Every structure is written in C-alpha cells, then in structure tokens.
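Chemist: compute the structure for the input listed below.
(chains A and B)
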Protein chains: 2
Amino acid sequence: MLVGIETGGTKIVCSAGTSPTDVVDVRTFPTEDPGTTLAAVTGFVARWRREAGIEGVGIGSFGPVDLDPLSTTYGHILQSPKLAWRGADVVGPIADAAGAPVAIETDVTAAAIGELRWGAGQGLTDLAYATVGTGVGVGAVVQSRPLHGTAHPEAGHLIVRRHPEDTFGGVCPLHGDCLEGLASGPSVTARWGRPGTELGDLLDRAVEIEASYLAQLVCTLVYVLSPARIVLGGGVLGTPGLLDAVRVQAAALLGGALGAHPASDPASDFLSLPGLGGRAGAVGALTMAADLAASRPAPAAPSMNEDLS
Amino acid sequence: MLVGIETGGTKIVCSAGTSPTDVVDVRTFPTEDPGTTLAAVTGFVARWRREAGIEGVGIGSFGPVDLDPLSTTYGHILQSPKLAWRGADVVGPIADAAGAPVAIETDVTAAAIGELRWGAGQGLTDLAYATVGTGVGVGAVVQSRPLHGTAHPEAGHLIVRRHPEDTFGGVCPLHGDCLEGLASGPSVTARWGRPGTELGDLLDRAVEIEASYLAQLVCTLVYVLSPARIVLGGGVLGTPGLLDAVRVQAAALLGGALGAHPASDPASDFLSLPGLGGRAGAVGALTMAADLAASRPAPAAPSMNEDLS
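Modeler: Next up is the predicted model:
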C-alpha cells in the first residue's frame, strides 16, 4: 500500500492507495499543534501498516521545510509563520510509524509532481505549479526532477511592478507589496473590502489588476525555469475570467522576447488550471510514494508481535 | 586532448588542454558570419584532432540556442538578434571536425559550470552566474546539473520595479525598461551620457540605481532557484562599489523573508565576483568536454589516411 500525506495550513489530508490513481482511503484532520496533528497522521499510517503493509510514504508539506537529506534537521519545519510548528520533525514520526521509506517535498512541489504525472502536464518533463490562495507558492519539476537548490522555491515574495491604478498597500507583513502582498486571496479581500467571490461590479477591475501580478509571475517563471506548462491553482483562480486575463497580459508582457513561445499566444493552453483540481497535492504525494516503492525491494510484512503502537 | 569553445557576440575563444586547468593553446577569432567563423573554429578543432586526438568538445554558445537533443535543430542558433546566425548549425560542423562527442550549453551556463567547479563555487552543487555587460544573462547549475527546462534561462528580460529616481526609458528594443533595458552596459551609457568607466561625480547615484536592479535579479534567483551562491560577472560589475551596493540592497529587499539566509547578510560572500575572471566560460566549456571524455571510452586515434580536412 502507498500512503500520501498533504499537510496544509488548515488541514492534513492522508490518502492510502494501491497506486496514485487507485485511492482506497482518505482521511482529513485539522492542522493543530504538531503533537496532536502528527499523532492523528501516525495513527493513520500505523493502521495501514497493520492492515496491508506500506511500501512507501510521500509527504507534501507546508514550508519552509528542510529538504536536505544531509542536514541534521532534514524533514523538520524551519522558520514558519506557524510558530508552534517551528522545528517540528515531520518525517521522523511518520517514518517510524510506517517502517517504510519516506519522501518529502513542499506541498506545491507535490502538486507539481501530481499535475505533471497525472494531470495537466502528462507527457511533459518540465512544469511549474503556482497556487494563489491564502498565500502564493510555486513548485516545479525541471527535467523530470523536483526543483530545489539549497532550499525550495519561495516565489510568494517575488518583487512585482505595481499596476498603475493600484494604490493598495499590500498585505505581506514583511514587504507590503510583494507578489503575495498584492495578489493573494487576503489581499483581494483587503483591497476591495469584500471577498473575491462577491466582487460584483468590481470584478472587471479586480481581474485586470490581479492578472497584472500573476502575468509577472508567469513571465518570471518562463524566463528563469522555462517550463513546458504552468498550472495555476488555488482559490483565487476560481475568479471568473482571471485565467484568460492572465494569458492575455502574460503574452503582452513577454512582448515577443521568446519568439513563438506558447506563452506568447493567449489562445494556447500553456497556462492551465489544475487537471486534478484540489487533489494535485495528494496525488503528487502518492506518486512520490510510488516512486520510492518502485526503487526499492518490497518490504517484508511486519511480524504479528512487532510493536506497531 | 579536450577542446572548449566559447562563442560570444564579438569573439570566439577556442581552448585546448589536457584538463580544464591545464590549457595548452588558446586562439581567439572575431565573430563574423557563421561560415567564416565556424571555418576558423573547425580549423582549430581539426588541427588538434590531427596533432593529439580529441576526447571531447564543450561549447558555451551565445543564445538562444536549441539545447534539446531530441530536436531536429539541436545545436542550432534560434531567433537570435544576430540575423546572419539564425538557424546556423553550431554543433554539427564542430562534431564533424572533432570526430568526438560534443556538449553544448549557453555561454552563461558554461560560465556557471566553470565557476562551480573551478572558481567561486567550488564544493557547491547549486550556483547561478549572471553576466551584466552588453546584455544581461543568467546561467545556473541546480543540484549539480545545468539548468534548462524546455529552453535555457532568458533572465535578461525579467520585469523589474523602477528605481523612484530613475526616469530613463531603457534600451531594450522589445520592452524598454526590462532588466536588460535598465541595467545593461549600454543602458548605463545611455542614461548618463557617458560610459560606466567615466561616471565621475555621477558614480554614487549611478551605483545606487544600478544596484537596485541587480538586487531585484538576485532576489528573483534566490526565490526561484535557491542557489548556494550567485556570481556576478560582466563588465558592469567592474564599477567601483557596485558589488557591495548590490549586497546591501538585496539584503534589504529580502526583508527577512528567508530568515538567516546568507543573502540577507551584506557581509557574506553569497554574492561574489567570478573566481575565474573572464575565463569562466572557457573553463566551463573545457569542463563540459572533460565530463564527456570521462563518461565515454577513449576514442581511437584517427588513422593517417582518414580525411581530416
């Protein structure tokens, strides 16, 4: 059995399946303090170890998280705004409960893996996934490998050029008007005084301004990473007309710099919504588990008297 | 023998050596039309094939160049502003002349490889190299592999936030005030009416404005690629005080977003000048050749009556 764990700011989704597309069990727990939350997760893992044996576990974690296997804090949460989680060991307790190999990436990288393998990026080797919701995050697969240098992308804080009609200060506590400060869901609500789902007659202006920031994100990712597709997910992308507006503005911003690049054509599907909808991260985590299982000999089933508590 | 070829906008540097650090022959040719220029290069290659045998050739080419080995135009120049070079096959004639495996990357990627292995990035696995001269270009090594997605980075066109005191329109023919439009060598000359080496009493203001754009480039690369070091090369970096000003402004722009990241400390050497000076690209090309030679069985020496013309 494969286990995928997607940890988010408000909830943790645990999945078990025989493959990333054959999921037989999904449980969701609220994200509370690390002790309570990880106890729920390890309970799920231990149950599946007992019932069927586990071949691999994939984790898509909120960040920042230490992804350096040589680090003494590998798999621990780093300087997170979630204070209680700073320093929390995510991989350790899950690996103990599973008795199987564990892989960890950020939640957005897991979503990028899921979309590349089973969603909007099938058949590609290079894809970036950006989520625009409570925050803005980017994960990427480059030449079939998850992108991380010494750490993982933190593209929420990218510097953007302000829309000339946008006087809103931005909501980022560090920068005010970085990308996340001007384009996240909370920034939309704060700028217009109502949530993105109730913009009414403000919709056209809101879409134009939001698209101007997301188009800059698209251009930055194209210039630096050159993905074959960019998937735009997260709640803000549910805004009617937003995806098309980003396509138009991104093409205009590129200004022919990349010749016949598909991002220069607003009619292309270079920019797309997630093929897996909200399941991209969970499917990606299961895919990581499947890749681990495929690269290792099958584990022995636990003996009946082994302590699995 | 290893051969490294660095093609630039004004000259082509051909090197031959027994290793990237033991160079026994360097020849420089002007960059003219593809026929003339490639004839000079293949002459150099054929001579070394005849005299000592060639185990591998590395090319660091000006871009845009097709780096997809599965493409029918692999190793050809794409939509270059150098019109005569559009569609020119760079790899083919050199491979024919060498009778040995050939690797190609962009000039800036070759420089990143050279710096990582023999210059300012020794011991690291992740490094970005930015050159700021006639144009602005970026190459990177990520997890020990040259970065390219479906194409190579084209970071010269990154969108930057304008310095509040900078009213200069920018020199990019496509965008005006993209990064290259506002921060390349020609933009400095056009903005101030004199070359960067003769700024005199304008130096402090010029450095502050230039640093504001390069600091944005640094932050973008840190947020997206997370290199362990960024090397800043090219003629503009010879401006007195510029590197330190970029360090200070980049740290301020990050604003603590990455905690104790070394780029947040202006006294760190996270940003550095090339350890190899202007030789980074040539050394990188030789390194690519050495890696090819190490991964293949040694080639047979050409027989005396084989046509090497």
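
Chemist: going forward, measure contacts between C-alpha atoms and count neighbours the same way
Modeler: Noted.

Chemist: could you give the number of residues near the residue in the stretch 1-150 of chain A positioned nearest to chain B?
Modeler: Going by C-alpha to the nearest C-alpha, chain B is nearest to A:Gly149 of the stretch 1-150 of chain A, at 4.9 Å. Neighbours of A:Gly149 under the rule other C-alpha atoms under 10 Å in any protein chain shown: 22.

Chemist: identify the residues contacting it.
Modeler: Counting by C-alpha atoms under 8 Å, 6 or more residues apart in numbering or on different chains, A:Gly149 makes contact with B:Thr125, B:Asp126, B:Val142, B:Gln143, B:Leu225, B:Ser226, B:Pro227, B:Ala228.

Chemist: can you rerun that using 6 Å?
Modeler: By C-alpha atoms under 6 Å, 6 or more residues apart in numbering or on different chains, A:Gly149 lies in contact with B:Asp126, B:Val142, B:Leu225, B:Ser226, B:Pro227.

Chemist: surely it is within a helix?
Modeler: No. Judged by DSSP: H, G, I helix; E, B strand; the rest coil, A:Gly149 forms no part of a helix; its state is coil.

Chemist: for A:Val65, see how far away the closest residue to it other than its chain neighbours is.
Modeler: Counting by C-alpha to C-alpha, 6 or more residues apart in numbering or on different chains, the nearest residue to A:Gly149 once its immediate chain neighbours are dropped is B:Ser226, at 4.9 Å. Per C-alpha to C-alpha, to the nearest Å, B:Ser226 is found 13 Å from A:Val65.

Chemist: what do you get for A:Ser71?
Modeler: Relative to A:Val65, and taking C-alpha to C-alpha, A:Ser71 is found at 11 Å.

Chemist: ok, now A:His175?
Modeler: Distance from A:His175 to A:Val65, by C-alpha to C-alpha: 21 Å.

Chemist: now do A:Thr36
Modeler: For A:Thr36, the distance to A:Val65 - C-alpha to C-alpha - is 19 Å.

Chemist: and A:Pro34, by the same measure?
Modeler: 14 Å.

Chemist: please enumerate the strands of chain A.
Modeler: A:2-7, A:11-19, A:22-30, A:56-61, A:102-106, A:127-132, A:136-142, A:145-146, A:229-233, A:271-272 (DSSP state E).

Chemist: sheet partners, orientation included, of the third one?
Modeler: For strand A:22-30, the paired strands and their directions (DSSP bridges) are strand A:11-19 (antiparallel).

Chemist: now the partner strand, how far from the centre of its chain.
Modeler: Centre-to-centre, strand A:11-19 and its host chain are 15 Å apart (C-alpha atoms, centre = their mean, to the nearest Å).

Chemist: can you pull the pLDDT of the nearest residue to A:Asp89 once chain neighbours are set aside?
Modeler: Excluding its sequence neighbours, the residue lying closest to A:Asp89 (C-alpha to C-alpha, 6+ apart) is A:His76, at 4.2 Å. A:His76 is assigned a pLDDT of 96 by the prediction.

Chemist: mind listing what A:His76 touches?
Modeler: Contacts of A:His76 (C-alpha under 6 Å, 6+ apart): A:Val65, A:Asp66, A:Gly87, A:Ala88, A:Asp89, A:Val90.

Chemist: what residue ranges in the stretch 101-250 of chain A score low on pLDDT?
Modeler: For the stretch 101-250 of chain A, no stretch has pLDDT under 70.

Chemist: who in it is up against chain B?
Modeler: A:126, A:142, A:149-151, A:153-155, A:161, A:223-228 (C-alpha under 6 Å from any C-alpha of the partner chain).

Chemist: cutoff 7 Å now
Modeler: A:126, A:142-143, A:148-155, A:158, A:160-161, A:174-175, A:220, A:223-228 (C-alpha under 7 Å from any C-alpha of the partner chain).

Chemist: pull out the buried members of these.
Modeler: Among these, those scoring as buried are A:126, A:142-143, A:148-155, A:158, A:160-161, A:175, A:220, A:223-228 (criterion: 16 or more other C-alpha atoms under 10 Å in any protein chain shown).

Chemist: quick revisit: out of the strands of chain A, which one sits most buried?
Modeler: strand A:2-7 (a mean of 31; mean count of other C-alpha atoms under 10 Å in any protein chain shown).

Chemist: check which helices and strands that one sits against.
Modeler: Applying 3 or more C-alpha pairs under 7 Å, 6 or more residues apart in numbering or on different chains; DSSP states H and E, one finds that strand A:2-7 contacts strand A:11-19, strand A:56-61, helix A:280-294.

Chemist: switch these over to JSON lines; also include distance to A:Ser212.
Modeler: Shown next, in JSON lines, are those (distance: least, C-alpha to C-alpha, whole Å):
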{"stretch": "strand A:11-19", "distance to A:Ser212": "31"}
{"stretch": "strand A:56-61", "distance to A:Ser212": "29"}
{"stretch": "helix A:280-294", "distance to A:Ser212": "25"}
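
Chemist: need these in CSV with mean pLDDT and distance to A:Leu83, can you?
Modeler: Output for the helices and strands packed on strand A:2-7, formatted as CSV (pLDDT from 0 to 100; distance: least, C-alpha to C-alpha, whole Å):
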stretch, mean pLDDT, distance to A:Leu83
strand A:11-19, 97, 16
strand A:56-61, 98, 15
helix A:280-294, 97, 23
